[in-house]
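Enquirer: Predicted structure and sequence below. I'll ask about it afterward.
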Protein chains: 2
Amino acid sequence: MAIETNGGALNGSVSHNKVAPAPLDASKLKITLTDFPKSLQRPEELRFGQTYSDHMLIVSFDPVTGWSTPEIKPYGPLSLEPSSSCFQYCTNVFEGMKAYVGPDGKPRLFRPELNMRRLERSAGRFVLPPFDGDELLKMIKRFVQIDSRWIPNREGHSLYLRPTIIGTRTALGVMASESAMLYVIATPSGPYFPQGLRPISLLGVKDTVRAWPGGTGGHKVGGNYAPGLLPQKIAAENGYEQVLWLFGDDNRVTEAGVMNFFVIVKRENDDGLDVITPPLNGTILPGITRDSCLALASSPSFQESNSFRLHTHELEFTMADLAEWSAQGRLLEALSVGTAAIIASVDRIGFEGKDITLPSYKAGMGPVGWALREKIVAIQEGREEWEGWSVVCD
Amino acid sequence: MAIETNGGALNGSVSHNKVAPAPLDASKLKITLTDFPKSLQRPEELRFGQTYSDHMLIVSFDPVTGWSTPEIKPYGPLSLEPSSSCFQYCTNVFEGMKAYVGPDGKPRLFRPELNMRRLERSAGRFVLPPFDGDELLKMIKRFVQIDSRWIPNREGHSLYLRPTIIGTRTALGVMASESAMLYVIATPSGPYFPQGLRPISLLGVKDTVRAWPGGTGGHKVGGNYAPGLLPQKIAAENGYEQVLWLFGDDNRVTEAGVMNFFVIVKRENDDGLDVITPPLNGTILPGITRDSCLALASSPSFQESNSFRLHTHELEFTMADLAEWSAQGRLLEALSVGTAAIIASVDRIGFEGKDITLPSYKAGMGPVGWALREKIVAIQEGREEWEGWSVVCD
């Protein structure tokens, strides 16, 4: 008889069960296919995150019985009590991942185990029910197989996946949500820049702060995003496309919009280029594209094949540094990186009424950004192998 | 013909309508009563926020047509797309209010116009659709009338109301939610301390930070709450009931759990008592109970009738100040104040392995906290009139 004395320790809540709540278990997955498959959009009509595939993956957690039977079923609305924790206290975390079709016709994911580890950490930060991300990944692979006709087989296109966990506790006292729902939806996506790569502009913002020491900026939680919408609107009204989030009296650069941020700075002694991004000090999201850019830029083979001499750094830098590097003609590229856009280049950074202007490039992106982007897309689409980053769904 | 050229300026999104979106309009309120009224719980069984009344007030916003016909209808679940902004980016704001039965048998609200102004500000902070809170208040009054049998007619009991606005945009790109749902649910609530008033303990926390300058701590947004659940769990595991949120290298005291915080400090020259709470600097929620405590404590008539000489201050103070005042025997009371508990007294504050212990009182609360609490409850329940604070629903 399975007696688990610490079964009630989950979420700090007192539970009366003596049997351990069931763990998340991919082997229990139940599949109910839709009777009404939707018609696909033409790839050229696809925008980011506007239409959804035929199915969704869904499973819920009850503090007594644990994780329910996971299910892949037709995509549809959720029914939730209006008092649910997800609406009231925003006990919500998520991930962004992309599925591609490889040259072998098989669907692939890009470094998905990193998404699973980050989702486990995000859930823990919000005292949501624990789960084994490897079990979730098995089910996501099955989901991608089932909805693989939704992966546009065209360069720069993918099926974007959004794993989400929401708290479903219905009592209004502010407490950890001992019940939850985990679901994954999928949206076929065209390229972030449908008209071809073009640089974007950023407005440095210091009055509103995205993240702070002791906050949640280093986790992928829903509540990190709503506070940025007003500054984003103000930036747009001032003619800039995204916000460059600054922090502290010395205006340290942190993130750009909802993406990590890199600069490429020419060394004074002609000893190559510094590739610099802010360190993971708790205010920076540990982005998977960020990690991939650092890994590639540090790799001798990547440098050799592009005739680069790159020196990567996770280092703090300020708006004053950017202005100085720019004045010296050393600020060659600025890049916003993330799952949705992969890499976007920046050609203008406004701050306190002045603009820092970056060099413009024919391709819409400088050579380092371009090479990183080409390499990452080739790995994602399974055209090149790199350290097992592209994982076949089988 | 009503042509409104700035109709598309809402939320910074481009809209194709030429007619202004309809404003929130209480005169359109549609009422559908339940055919299945639930049975009431006995007042002594009521806890905070666990059961809901027969009905809910609900209205939604579409960027083209504006606010829909508001409706009071049977309480029930919401149906939402899994991609909705409320789950993904937490574009969610709320209010807490209480309805009471007065001696005249009429339902009453406590300073409800302050909740409406704060909800308008919270919605604006998250670029949610604008609305006139006075229209919402008219409908809340009607809702309270309809569900007035749910207000427990017993001292210390009330019908707790939870106005909530959630973003319902279904595209995954991170943008303001140009569509939304506004609803109000009601939960009959017993006293926060069902066994009679008793002091609570707080653990000073500095590693996790509730709010930051440039953040959203001064607004009532859902995302302020989830990050506090883990520190709350850790505090409980260490034997403290709530967190005392500290800020900065000097350990400034900010809020206690999800409540504002006051201390009562005896003056050195025997010139009465200082009543001190942190100032509204953007990291402190502008609480309505906080404001009411400040107003009452500053009032000569309140002071006279209680033989107090009080000096109110909105001033920063630190853990070192608390320790010094305590060592000098001058720290007479510490109070957590908010809508749910009204006023709770604190008897112990832990920080860095040491406890500050406050005087204990027979009544479970010191004289200033007690007098403020008695007065606020008397005003809320309509037994005493004070500057129009108690508003009859008619």
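Expert: It's in. Since we're looking at a predicted model, the values are computed, not measured.
Enquirer: Single out the residue in the stretch 51-200 of chain A that lies closest to chain B.
Expert: In the stretch 51-200 of chain A, no residue comes nearer to chain B than A:L172, which is 2.7 Å away by Cβ to the nearest Cβ. C-betas here are computed from N, CA, C, even on glycine.
Enquirer: And the stretch 1-150 of chain A, by the same measure?
Expert: In the stretch 1-150 of chain A, no residue comes nearer to chain B than A:G49, which is 2.8 Å away by Cβ to the nearest Cβ.
Enquirer: Not counting sequence-adjacent ones, nearest residue to that residue?
Expert: Distances taken as Cβ to Cβ, 6 or more residues apart in numbering or on different chains place B:L172 nearest to A:G49, at 2.8 Å, with adjacent residues excluded.
Enquirer: cool, A:F61 as well?
Expert: Among residues not flanking A:F61 along the chain, A:P129 sits closest, at 4.1 Å (Cβ to Cβ, 6+ apart).
Enquirer: What parts of the stretch 201-350 of chain A come near chain B?
Expert: Applying Cβ under 8 Å from any Cβ of the partner chain, we find that the stretch 201-350 of chain A lies next to chain B at A:206-209, A:212-216, A:221-230, A:232-233, A:236-237, A:257-258, A:340.
Enquirer: that older thread, surely the residue of the stretch 1-150 of chain A closest to chain B touches A:Y160?
Expert: Yes - contact criterion Cβ atoms under 8 Å: A:G49 and A:Y160 qualify, at 6.3 Å.
Enquirer: Overlap in contacts, the two.
Expert: Jointly contacting A:G49 and A:Y160 under the rule Cβ atoms under 8 Å, 6 or more residues apart in numbering or on different chains are A:187, A:189, A:340, B:172.
Enquirer: Surely A:D355 is in contact with A:S326?
Expert: No - using Cβ under 8 Å, A:D355 makes no contact with A:S326, being 9.8 Å away.
Enquirer: quick one: which of these two has more around it?
Expert: Of the pair A:D355 and A:S326, A:S326 is the one with more neighbours under other Cβ atoms under 10 Å in any protein chain shown, namely 20 against 16.
Enquirer: Verify the contact between the more buried one and A:P359 for me.
Expert: No - at 9.7 Å, A:S326 does not count as touching A:P359 under the criterion of Cβ under 8 Å.
Enquirer: Low-confidence regions, chain A specifically.
Expert: By pLDDT under 70, the low-scoring segments of chain A are A:1-18.
Enquirer: again, only using 50
Expert: Residues of chain A that meet the criterion pLDDT under 50 lie in A:1-15.
Enquirer: Show me the residue sitting in the middle of it in space.
Expert: Computing the C-alpha centroid of chain A and ranking residues by Cα atoms, centre = their mean puts A:G96 first, at 4.2 Å.
Enquirer: ok, the residue nearest to that residue when sequence neighbours are not counted - how many residues close by?
Expert: Excluding the flanking residues, the one nearest A:G96 by Cβ to Cβ, 6+ apart is A:T339, at 4.3 Å. Per other Cβ under 10 Å, the neighbour tally for A:T339 reads 19.
Enquirer: what about A:D321, which SS state?
Expert: Put simply, A:D321 is helix when judged by DSSP: H, G, I helix; E, B strand; the rest coil.
Enquirer: Could you do A:I234 as well?
Expert: Recorded secondary structure, A:I234: helix (three-state DSSP).
Enquirer: Buried ones in stretch A:307-317, by neighbour count?
Expert: Going by neighbour count (16 or more other Cβ atoms under 10 Å in any protein chain shown), the buried part of stretch A:307-317 is A:308, A:310, A:312-313, A:316-317.
Enquirer: should've said stretch A:129-145
Expert: Buried, per 16+ other Cβ under 10 Å, within stretch A:129-145: A:129-131, A:133, A:135-144.
Enquirer: CA atoms of it as CSV?
Expert: Provided in CSV are the C-alpha atoms of stretch A:129-145 (Å, rounded to 0.1, in the frame of the first residue of the first chain):
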residue,chain,number,x,y,z
PRO,A,129,2.2,21.9,-8.3
PRO,A,130,5.5,20.2,-9.2
PHE,A,131,5.8,18.0,-12.3
ASP,A,132,8.4,16.2,-14.3
GLY,A,133,9.2,18.2,-17.4
ASP,A,134,10.6,15.1,-19.2
GLU,A,135,7.1,13.6,-19.0
LEU,A,136,5.6,16.8,-20.3
LEU,A,137,8.1,16.8,-23.2
LYS,A,138,7.2,13.3,-24.2
MET,A,139,3.5,14.5,-24.5
ILE,A,140,4.5,17.7,-26.4
LYS,A,141,6.4,15.5,-28.9
ARG,A,142,3.2,13.4,-29.4
PHE,A,143,1.2,16.6,-29.7
VAL,A,144,3.5,17.9,-32.4
GLN,A,145,3.3,14.6,-34.3
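Enquirer: Could you give the separation of stretch A:303-316 from the chain centroid?
Expert: Mean-position distance between stretch A:303-316 and its chain equals 23 Å (Cα atoms, centre = their mean, to the nearest Å).
Enquirer: distance between the ends of it?
Expert: End-to-end distance for stretch A:303-316, by Cα to Cα, to the nearest Å: 24 Å.
Enquirer: and for it, what are the contacting residues?
Expert: Applying Cβ under 8 Å, 6+ apart, the external contacts of stretch A:303-316 come out as A:252-253, A:267, A:271-281, A:294, A:297-298, A:302, A:367-368, A:371.
Enquirer: Mind checking which of the residues you listed are buried?
Expert: For the contacts of stretch A:303-316, a neighbour count by 16+ other Cβ under 10 Å gives the buried set as A:252-253, A:273-278, A:294, A:297, A:302, A:367-368, A:371.
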